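[1] this one's sequence-less:
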Ligand SMILES: NC(=O)C1=CN([C@@H]2O[C@H](COP(=O)(O)OP(=O)(O)OC[C@H]3O[C@@H](n4cnc5c(N)ncnc54)[C@H](O)[C@@H]3O)[C@@H](O)[C@H]2O)C=CC1
Ligand SMILES: O=C(O)CCC(=O)C(=O)O
C-alpha cells in the first residue's frame with residue numbers, strides 16, 4: 001500500500017524521520033500553498049500534516065475525497081474544522097505533550113520580560129539611548145499570579161511561578177480544591193482569580209466558551225495596574241477591550257504571543273509601549289518541534305497502516321490497557337452491526353447495545369462506534385467509518401444507548417445489539433470464545449453458533465419436517481455448497497430458523513427462489 005502525505009506547514013525534519021522511514025509514504029512538503037491552491041492540491045492526498053498556520057477549513061475538507069487523517073503537530077486544533085473532518089470520516093490527531101514545556105517556558109519568559117520591561121529597554125538601548133529611569137519594573141516575588149486554565153501548560157506555568165515565589169490562584173473547571181492544595185496553589189472562580197491577580201496568564205484552548213472571555217467586563221473587575229500574558233490563543237482576550245484597558249491605565253502591561261488574526265502586523269496594540277509581543281513562538285524550540293513532529297508522524301503512520309492512534313482529537317481516546325481488552329471485539333461488534341442491518345432493511349429508530357461480562361468493566365465506546373459502522377454500512381458503504389459513525393447515526397435521528405450488564409447468560413463476554421424499527425425489534429448476540437474466536441450465539445430468540453464470516457444464509461421457516469430438506473435440495477440444484485448448518489427454534493412446531501454458511505455468495509435470484517418454497521417465510525443472504 002502507498003499513501004500520499006502533504007506537509008503544509010514547516011515541520012522539524014528530524015521529527016518527521018519516522019514518516020520518511022515508513023514504507024509506502026510519498027511525502028510532499030509544500031509550505032507555500034494559498035488556501036485556494038491547497039483546496040485544489042488536497043484531492044490527491046491521504047494525510048495532511050499541519051502546525052497552526054494552515055487553516056484546514058470545511059472547503060478544503062470537502063475537496064479531499066482521499067483524505068483519511070489530519071495530523072496537527074501541536075496542541076490547539078482551532079485551525080481545523082473538526083465538525084467537517086468528523087462528518088467526512090477524517091480522523092484528526094494532535095501532539096498534546098510535545099510542546100508543553102516550551103510553551104510554559106515561553107510564558108515565564110514573557111511574564112518576566114513584561115514585569116521588567118526588558119524588550120522596551122532593549123529597544124531604547126538599540127536606538128542609542130542610556131535611559132535607566134523609564135524602565136522601572138516590579139518584582140514577581142509575593143505577587144499573585146492568576147492562571148486561567150490549569151491543564152498541561154497552565155500547571156507547568158503555576159509550578160514555575162511558585163519557583164519565583166509568587167502566590168498562584170487558578171481557575172479550571174476540572175480543578176478541585178484537593179488538587180490545588182497538592183500543587184500548593186489556591187483555586188477560585190474566574191471572578192475570584194481576576195479580582196485577586198497582579199498578573200494573569202491564560203492557558204485555555206480557544207473554544208466557543210473561551211472566545212472573548214477576557215473582555216471589558218472582565219477587565220472591569222481586575223486590579224488597577226494588572227498585567228496580562230496570553231501565550232494560549234488569540235481570540236480569548238478581546239483585543240479592542242485590551243487596548244482600551246491599557247489606554248485607560250487599568251492594565252499596566254500585556255505580553256502577547258498569540259493574536260486573533262495572524263500574522264499580527266500593523267495592529268493598534270503594537271503602538272502601545274505597554275505591549276510586548278512575539279510572533280506565536282510558544283512552541284518554537286528545537287526540542288518541541290522535534291517532539292510534536294515525531295508524535296504526529298507516529299500516529300499518521302500507525303493509522304494509515306490500520307493501527308490505533310495515540311492522540312485522537314475527534315474519537316474517544318482510550319488507554320493502552322483498555323484498548324488491549326476491547327480490540328479483540330472490534331471485528332465482532334462491526335459484524336453484528338452488518339448482520340443486523342441485513343436482517344432488517346427497515347429504518348432504524350433506536351439501537352440498544354448491551355455489554356455483558358468482562359466487557360461491562362471497560363470503556364466500550366469504540367465498540368459502539370464499530371457496531372454503528374456495521375449497521376450503517378449497508379446504506380453508506382465505505383463512507384462510514386469509526387470517526388463519523390456516531391455523527392451519522394445522530395444525523396439520521398437514530399437513538400443510541402449503551403448498557404452494561406452483569407448478566408452473561410453463561411458467556412464470559414457477550415455483546416447484544418438490538419435495533420428498533422417500525423416493524424419491531426431485531427436482536428443479535430455475539431461472543432468471543434476463548435481459543436475459538438468470534439461467534440454469533442443468538443439471533444432474535446433463537447440460539448445459534450456461527451462464525452461471523454463468509455457467506456451466510458438466514459432462513460426463517462415453519463418448524464415442520466421437510467423444510468430443511470427443501471432448502472438443501474434447492475441449494476444443491478443451484479450448485480451452492482453448504483459448509484455448516486444450524487437450526488434453532490423457540491417452540492416446537494412454531495417458527496424456526498436455519499443459519500447456513502455456504503461456499504459462495506448467494507445471488508438475489510436464488511434467494512427469491514428459496515423464498516417461494518413451502519413453509520419458508522423469509523430468506524436473507526448475508527456476506528460478512
Ligand atoms: N503559544 C503557543 O505556541 C502554544 C499555545 N498553546 C495553546 O495553549 C492551550 C492549552 O494547552 P494545554 O495546556 O496543552 O491544553 P490542556 O488541554 O492540557 O489544558 C487546557 C485546560 O483549559 C481548561 N479549560 C477549558 N475551558 C476553560 C474555561 N472556560 N475556563 C478555564 N479553563 C478552561 C481545561 O479544563 C484544561 O485543563 C492550547 O489549546 C493551545 O491553544 C499550546 C501550545 C503552544
Ligand atoms: O508552533 C506552532 O505550531 C504553534 C503551537 C501551538 O500554538 C499549539 O501547539 O497549540
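    Cool, got the structure. All values reported here derive from a predicted model rather than from experimental measurement. Ligands and ions are numbered 1, 2, ... in the order given.
[2] C-alpha only now, for contacts and for neighbours.
    Will do.
[3] Kindly list the longest helix within this structure.
    Ranked by number of residues, the top helix in the chain under DSSP state H is helix 286-304.
[4] Which residues does the following helix or strand past that helix contact?
    Once the chain leaves helix 286-304, the next helix or strand it forms, by DSSP states H and E, is helix 320-326. Residues from elsewhere that reach helix 320-326 (Cα atoms under 8 Å, 6 or more residues apart in numbering): 359, 362, 363, 364, 367.
[5] Ignoring the adjacent residues along the chain, who's closest to the first one?
    The spatially closest residue to residue 359, leaving aside those adjacent along the chain, is residue 413, at 6.1 Å (Cα to Cα, 6 or more residues apart in numbering).
[6] Now do the phi/psi pair for the one you found.
    The phi/psi pair for residue 413 (degrees, to the nearest 10) reads phi -150, psi 150.
[7] all strands in the stretch 1-150 of the chain, in order from the N-terminus.
    In the stretch 1-150 of the chain, the strands defined using DSSP state E, counting those that start in this stretch lie at 3-7, 25-29, 47-50, 69-72, 91-94, 144-148.
[8] Can you check which of those strands gets nearest to residue 352?
    Across the strands of the stretch 1-150 of the chain, residue 352 has its closest neighbour in strand 91-94 (25.5 Å, Cα to Cα).
[9] Show me which residues of the stretch 51-200 of the chain sit near ligand 2.
    Within the stretch 51-200 of the chain, the residues that sit near ligand 2 (Cα under 6 Å from any ligand atom) are 51, 52, 74, 75, 76.
[10] Please pull up the helix or strand immediately following whichever helix or strand residue 331 is part of.
    Using DSSP H and E, residue 331 sits within helix 330-343. Later in the chain than helix 330-343, the nearest helix or strand by DSSP H and E is strand 348-357.
[11] Name every strand pairing with that next one and say which way it goes.
    With DSSP bridges as the test, strand 348-357 is paired with strand 399-405 (parallel), strand 413-421 (antiparallel).
[12] which residues touch residue 118?
    Counting by Cα under 8 Å, 6+ apart, residue 118 makes contact with residue 135.
[13] Could you report the separation of it from ligand 2?
    23 Å (Cα to the nearest ligand atom, to the nearest Å).
[14] what pLDDT does that residue get?
    Predicted confidence (pLDDT) for residue 118: 98.
[15] which sections of the stretch 51-200 of the chain are below the confidence cut-off?
    Scanning the stretch 51-200 of the chain for pLDDT under 70 picks out nothing.
[16] Start from the N-terminal end of it and give the helices.
    Along the stretch 51-200 of the chain, counting by DSSP state H, counting those that start in this stretch, helices occupy 58-62, 82-87, 100-115, 118-126, 152-163, 177-183, 190-196.
[17] buried stuff in the shortest one?
    Which is helix 58-62. Buried residues in helix 58-62, counted by 16 or more other Cα atoms under 10 Å: 58, 60, 61, 62.
[18] For the second one, which non-adjacent residue is spatially closest?
    In space, and not counting its chain neighbours, residue 60 is closest to residue 39: 4.6 Å by Cα to Cα, 6+ apart.
[19] Would you confirm that the one you found contacts residue 57?
    No - look at residue 39 against residue 57 with Cα atoms under 8 Å: they stay out of range, at 9.0 Å.
[20] between these two, which one's more packed in?
    Ranked by neighbour count (other Cα atoms under 10 Å), residue 39 and residue 57 place residue 39 first, with 19 against 16.
[21] give the contact list for the residue of the stretch 1-150 of the chain found nearest ligand 1.
    Here the stretch 1-150 of the chain gets closest to ligand 1 at one residue, residue 149, 3.4 Å apart by Cα to the nearest ligand atom. Residue 149 sits next to 170, 171, 172, 202, 203, 204 when contact means Cα under 8 Å, 6+ apart.
[22] Try it again at 7 Å.
    Residue 149 sits next to 171, 172, 202, 203, 204 when contact means Cα atoms under 7 Å, 6 or more residues apart in numbering.
[23] Please list which of those also come close to ligand 1.
    Okay, of those touching ligand 1 (Cα under 6 Å from any ligand atom), that's 171, 172, 203, 204.
[24] Now, the residues you listed that are in strands?
    Among these, DSSP state E puts residue 171 in strands.
[25] Dump the ones next to ligand 1 among the contacts of residue 149 into a markdown table; add neighbour count as well.
    Shown next, in a markdown table, are the ones next to ligand 1 among the contacts of residue 149 (neighbours: other Cα atoms under 10 Å):
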| residue | neighbour count |
| --- | --- |
| 171 | 24 |
| 172 | 18 |
| 203 | 25 |
| 204 | 23 |
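[26] With distance to residue 122 added, can I get the ones next to ligand 1 among the contacts of residue 149 in a markdown table?
    Output for the ones next to ligand 1 among the contacts of residue 149, formatted as a markdown table (distance: Cα to Cα, whole Å):
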| residue | distance to residue 122 |
| --- | --- |
| 171 | 34 |
| 172 | 36 |
| 203 | 28 |
| 204 | 31 |
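[27] now, which of the ones next to ligand 1 among the contacts of residue 149 sits nearest residue 98?
    For the ones next to ligand 1 among the contacts of residue 149, the nearest to residue 98 is residue 203 (15.8 Å; Cα to Cα).
[28] Run through the bridge partners of the closest residue to residue 311 other than its chain neighbours.
    Spatial nearest neighbour of residue 311, excluding adjacent residues (Cα to Cα, 6+ apart): residue 93 at 5.3 Å. Listed by DSSP bridges, the beta-bridge partners for residue 93 are residue 71, residue 312.
[29] if I look at residue 93, how far off is residue 282?
    Applying Cα to Cα, to the nearest Å, the value for residue 93 to residue 282 is 20 Å.
[30] Neighbour count: those two, which is higher?
    For residue 93 versus residue 282, the count of surrounding residues by other Cα under 10 Å is larger for residue 93: 28 against 23.
[31] what residues are up against that one?
    Residues near residue 93 by Cα under 7 Å, 6+ apart: 70, 71, 72, 296, 311, 312, 313.
[32] tally of neighbours for the closest residue in space to residue 423 that isn't next to it in sequence?
    Nearest non-adjacent residue to residue 423, counting by Cα to Cα, 6+ apart: residue 346, 7.3 Å away. When neighbours are counted by other Cα under 10 Å, residue 346 registers 14.
[33] now the one 3 residues further on
    When neighbours are counted by other Cα under 10 Å, residue 349 registers 15.
[34] hmm, back to that, what's across from the residue nearest to residue 359 in the sheet?
    Note on residue 413: beta-bridge partners residue 357, judged by DSSP bridges.
[35] what residues does the protein put near ligand 1?
    Going by Cα under 6 Å from any ligand atom, the residues of the chain near ligand 1 are 75-76, 96, 99-100, 103, 148-154, 171-174, 203-206, 209-210, 231-233, 257, 280-283.
[36] go again using 5 Å as the cut-off
    With Cα under 5 Å from any ligand atom as the criterion, the chain meets ligand 1 at residues 76, 103, 149-153, 172, 203-205, 231-233, 282-283.
[37] which one among these gets closest to ligand 2?
    residue 76 (3.5 Å).
[38] so what's the residue most central in space within the chain up against?
    Centroid-nearest residue in the chain: residue 314, 2.0 Å away (criterion: Cα atoms, centre = their mean). Counting by Cα under 7 Å, 6+ apart, residue 314 touches 86, 91, 92, 387.
[39] got the contact list for the residue of the stretch 301-450 of the chain found nearest ligand 1?
    Nearest residue of the stretch 301-450 of the chain to ligand 1: residue 313, at 11.0 Å (Cα to the nearest ligand atom). If you count contacts by Cα under 7 Å, 6+ apart, residue 313 has them with 92, 93, 94.
[40] Tell me how many other residues crowd the last one.
    So the one you mean is residue 94. Residue 94: 27 neighbours (other Cα under 10 Å).
[41] The one 4 residues further on too?
    Here the neighbour count serves as a burial measure; for residue 98 (other Cα under 10 Å) it reads 23.
[42] What of residue 113?
    The burial count for residue 113: 17, using other Cα under 10 Å.
[43] Against residue 145, how distant is the nearest residue in space to it that is not next to it in sequence?
    Using Cα to Cα, 6+ apart and skipping residues adjacent in sequence, the residue nearest residue 113 is residue 119, 6.7 Å away. Between residue 119 and residue 145 the distance is 21 Å, computed by Cα to Cα.
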